[in-house]
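*Asks:* here is a sequence with its predicted model. Questions after.
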Amino acid sequence: MGGTTDWRGAALELIRRILPPTGRVLLVGPHPQVVVDEVVEHASAAAVLLRSYPDACALGQRHPGLAVFCGRLEVFAADEPYDLVLALDGLLRTHSAEAPAAAWIESLDALATLVAPGGRLVLGVRNDLGVDRFIEARPADRDGADDQWAPHGFDPSYPSGPGALDAALESAGLTMQRCYAAYPCRQAPRALLAREALTFDLPDALTFPLGSRGGDRMLVADPLRLTRLVFRHRLGEELAPLWLAVAIRPPLITRSQAPPPDEIHPHNGHADTIAPQDEHDEHDEHAVAGELPLGLIEEGPALHELTRAGLKQLPDGAEHPVPTGRVVEEILVEACAREDVKTVRELLQNLATWLEQGGDAAVGTDSLVYDGERFSAIGPVAAPVSMPPEPRVVLCRILRRFAVRLLAAGHHHPWPWPLEADQLTLTLCGMAGRPCDPGDLDRARKFDAELGQPAELAEHAPTYRDLLGARDRLTDQLTAALARVARLETKLSYRERELVRARAKLRRTHRKATAYRRTLGYRLSRRLARPRRVARKVFRLLSG
């Protein structure tokens, strides 16, 4: 089951809502165990179609009463269609690994024949142009392992966007009921957002947590920045890592349900063909689509449903609006990039005042939004075990987390570079008007550890783009150092030439002095001067 999409609470909640109370359910392809267990527990009749024989045997041992079929989707012949068909992992691993893979549209046609009239199909489709593809440095074909199928490669029939997916389902005789965009990644989606919700300008408090960094993945760029741009430009559906389509096969209309003769629409010249295109059917389709949630978002152990008015915690929590405003960390990073010290000072002073007036002590700059007047936390925050320290220490903890993240990401800031996180924290606390000392830093670290969110864990591994930026900075430094070395070498060469000339001049002076000492005049003057020196010495001795 390696490589299977790790569907969690959001997908389970969606499945619970669409499971028929009395109907047949079929799971096509590999699914997480929690999904299979949920279907087997609540469905009146369930079956599974797998291509892998070891997986089929393991699933049969886990659920003895489950009907397990092993084989290719293209040759699977069901006794009767199913009321609900689940293919959350897509159609890639429904064909044989030993034979050429069928086209995606052919697999969809084979899957659509298993859906009963009035039944539903839930299909997961990975987006080849998802935002996670842009940030992933490892090629997609490297994701495959020994227990996975080969990548589909270039398939002209594979949907290139939401519109192509709608057209493919329509050509297979299905009608799109609701299409969800899954975030933050295709490996473990934890948020499902309907296309109706993505047409609006979603608040930052809702979209900011969807920028995951992906654990041990090899990243080209920071996924948080790219995901934020995707939502700001309202490309959440087109660039979603994964689509989860809920489609329905229109029910059959019998003669007793047929409209009067004057309402029969001719089709292909035959008056006896019935075309159910009245307003009542269209109203029913919208009513059925209204049963599905507008969005499902996981926040740790909590699951929230997105509504028109805000978020509602499931199963029976109260509905509350989504906080408005921008994420504090983004405001600070942009102000630091512009060297706008005034904005940084004002925001930090307002943050300090908010904490002193009873603000949440467990938040961080990445879990707080500011609308210009008030601060609001993004989602639930961990409650401290003991009484929180004084607001000055709480502010020191928040700013230290921000300093660690700012330096780890390599963002520009207007203070001396390089600067350690502790030094930058003290600088920020001073700008907020609440000076701190090293003792406050130690207390802030202890409080961070108590919350289970040490600032050191906020330091993420650099992405490829960060490494390229660091390489460019090192290249500039090396170029400057080489230029300085070249200037010093030029100066050294000039000094060496001057030294050679000075030595040559000194040698010439020595030769001239030696030649002068050998002349007759110099020797006579030395001999005549010698008696005078002897007489001077004798006179000094007698007088002394």
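*Replies:* Good, I have the coordinates.
*Asks:* need the three-state assignment for the closest residue to Thr5 other than its chain neighbours.
*Replies:* Beyond its immediate neighbours in the sequence, the residue positioned closest to Thr5 (CB to CB, 6 or more residues apart in numbering) is Asp89, lying 5.3 Å away. Every residue, glycine included, has its C-beta placed from N, CA and C. What DSSP: H, G, I helix; E, B strand; the rest coil gives for Asp89 is coil.
*Asks:* was I right to think Asp89 contacts Pro30?
*Replies:* Yes: taking CB atoms under 8 Å as the definition, Asp89 is a contact partner of Pro30 at 5.5 Å.
*Asks:* what strands line up against the helix or strand harbouring Ala247, and which way round?
*Replies:* Using DSSP states H and E, Ala247 sits within strand 242-248. Neighbouring strands of strand 242-248 in its sheet, by DSSP bridges, are strand 115-126 (antiparallel), strand 175-183 (antiparallel).
*Asks:* circling back to that earlier point, name the residues contacting each of Asp89 and Pro30.
*Replies:* Thr4 (CB atoms under 8 Å, 6 or more residues apart in numbering).
*Asks:* please identify the most buried of the strands paired with strand 242-248.
*Replies:* Here the criterion is mean neighbour count by mean count of other CB atoms under 10 Å, and of those the winner is strand 175-183, at a mean of 24.
*Asks:* what number of residues lie near Ser157?
*Replies:* Here the number of neighbours of Ser157 (other CB atoms under 10 Å) works out to 15.
*Asks:* identify the residues contacting the residue nearest to Cys429 when sequence neighbours are not counted.
*Replies:* Residue nearest to Cys429 in three dimensions, not counting chain neighbours: Cys436, with 4.3 Å by CB to CB, 6+ apart. Taking CB under 8 Å, 6+ apart as the criterion, Cys436 is in contact with Arg392, Val393, Leu395, Cys396, Thr425, Leu426, Cys429, Gly430, Ala444.
*Asks:* for Pro100, see how far away Cys436 is.
*Replies:* Distance of Cys436 to Pro100, computed by CB to CB, to the nearest Å: 66 Å.
*Asks:* what does Leu229 give?
*Replies:* To Pro100, Leu229 is 39 Å away according to CB to CB.
*Asks:* Gly130 now?
*Replies:* To Pro100, Gly130 is 26 Å away according to CB to CB.
*Asks:* when the two are compared, which one has more neighbours?
*Replies:* Higher neighbour count among Gly130 and Pro100: Gly130, with 22 against 7, using other CB under 10 Å.
*Asks:* how many other residues sit next to the closest residue to the more buried one other than its chain neighbours?
*Replies:* If the residues on either side of it in the chain are set aside, Gly130 comes closest to Pro241, at 3.8 Å by CB to CB, 6+ apart. Look at Pro241: counted by other CB under 10 Å, it has 22 neighbours.
*Asks:* try the one 4 residues further on
*Replies:* Using other CB under 10 Å, Ala245 has 22 neighbouring residues.
*Asks:* ok, it - contacts?
*Replies:* Neighbouring residues of Ala245 by CB under 8 Å, 6+ apart: Leu121, Val122, Leu123, Gly124, Val125, Leu165, Leu169, Met176, Arg178, Cys179, Tyr180.
*Asks:* now do the same for the residue nearest to Thr5: its pLDDT.
*Replies:* Asp89 is assigned 90 on the pLDDT scale.
*Asks:* sorry, back to before: just how off-centre is the strand holding Ala247 within its chain?
*Replies:* Strand 242-248 sits 23 Å away from the centroid of its parent chain (CA atoms, centre = their mean, to the nearest Å).
*Asks:* the chain should start at 31 in everything you say after this.
*Replies:* Taking 31 as the first residue, the last one we looked at is strand 272-278.
*Asks:* return the set of buried residues in that strand.
*Replies:* Leu272, Trp273, Leu274, Ala275, Val276, Ala277, Ile278 (16 or more other CB atoms under 10 Å).
*Asks:* mind checking the SS state of the nearest residue to Ala218 once chain neighbours are set aside?
*Replies:* Closest residue to Ala218 apart from its sequence neighbours, by CB to CB, 6+ apart: Asp36 at 4.2 Å. Secondary structure, three-state DSSP: Asp36 is coil.
*Asks:* ok, now how distant is Asp36 from Cys215?
*Replies:* Taking CB to CB, one finds Asp36 at 10 Å from Cys215.
*Asks:* and for Leu522?
*Replies:* To Cys215, Leu522 is 57 Å away according to CB to CB.
*Asks:* those two: who's more crowded?
*Replies:* In this view Leu522 and Cys215 are compared by other CB under 10 Å, and Cys215 has more residues nearby, 25 against 10.
*Asks:* mind listing the helices for the stretch 331-480 of the chain?
*Replies:* For the stretch 331-480 of the chain, the helices defined by DSSP state H, counting those that start in this stretch cover 358-367, 371-386, 421-439, 451-461, 468-480.
*Asks:* tabulate these (CSV), appending mean pLDDT and mean neighbour count.
*Replies:* Shown next, in CSV, are those (pLDDT from 0 to 100; neighbours: other CB atoms under 10 Å):
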stretch, mean pLDDT, mean neighbour count
helix 358-367, 90, 19
helix 371-386, 93, 18
helix 421-439, 87, 24
helix 451-461, 90, 20
helix 468-480, 85, 16
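*Asks:* tell me which of the ones you listed sits nearest to Ser126.
*Replies:* When the helices of the stretch 331-480 of the chain are compared by CB to CB, helix 421-439 sits nearest Ser126, at 45.8 Å.
*Asks:* between helix 358-367 and the closest one, find me the angle.
*Replies:* Relative orientation of helix 421-439 and helix 358-367, computed by axes from the mean of the first three to the mean of the last three CA atoms, to 10 degrees: 60 degrees.
*Asks:* only C-alpha atoms, please: export helix 421-439 in CSV.
*Replies:* Extracted in CSV, the C-alpha atoms of helix 421-439 (Å, rounded to 0.1, in the frame of the first residue of the first chain):
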residue,chain,number,x,y,z
PRO,A,421,3.5,39.7,28.9
ARG,A,422,7.1,40.9,28.3
VAL,A,423,8.4,37.4,28.4
VAL,A,424,5.5,36.2,26.2
LEU,A,425,6.3,38.9,23.6
CYS,A,426,10.0,37.8,23.8
ARG,A,427,8.9,34.2,23.0
ILE,A,428,6.8,35.3,20.0
LEU,A,429,9.5,37.5,18.6
ARG,A,430,12.2,34.9,19.1
ARG,A,431,10.2,32.4,17.1
PHE,A,432,9.8,35.1,14.4
ALA,A,433,13.6,35.8,14.5
VAL,A,434,14.4,32.2,14.1
ARG,A,435,12.1,31.8,11.1
LEU,A,436,13.3,35.0,9.5
LEU,A,437,16.9,34.1,9.7
ALA,A,438,16.3,30.4,8.7
ALA,A,439,14.4,31.5,5.5
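*Asks:* okay, now the unreliable bits of the stretch 131-280 of the chain?
*Replies:* For the stretch 131-280 of the chain, the stretches flagged by pLDDT under 70 are 167-183, 242-252.
*Asks:* repeat the analysis, applying 50 as the threshold.
*Replies:* Low-confidence segments of the stretch 131-280 of the chain (pLDDT under 50): 175-177, 246.
*Asks:* turn the contacts of Ala275 into CSV, including distance to Glu526.
*Replies:* CSV is the format used below for those (distance: CB to CB, whole Å):
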residue, distance to Glu526
Leu151, 84
Val152, 81
Leu153, 78
Gly154, 74
Val155, 72
Leu195, 75
Leu199, 81
Met206, 81
Arg208, 81
Cys209, 77
Tyr210, 75
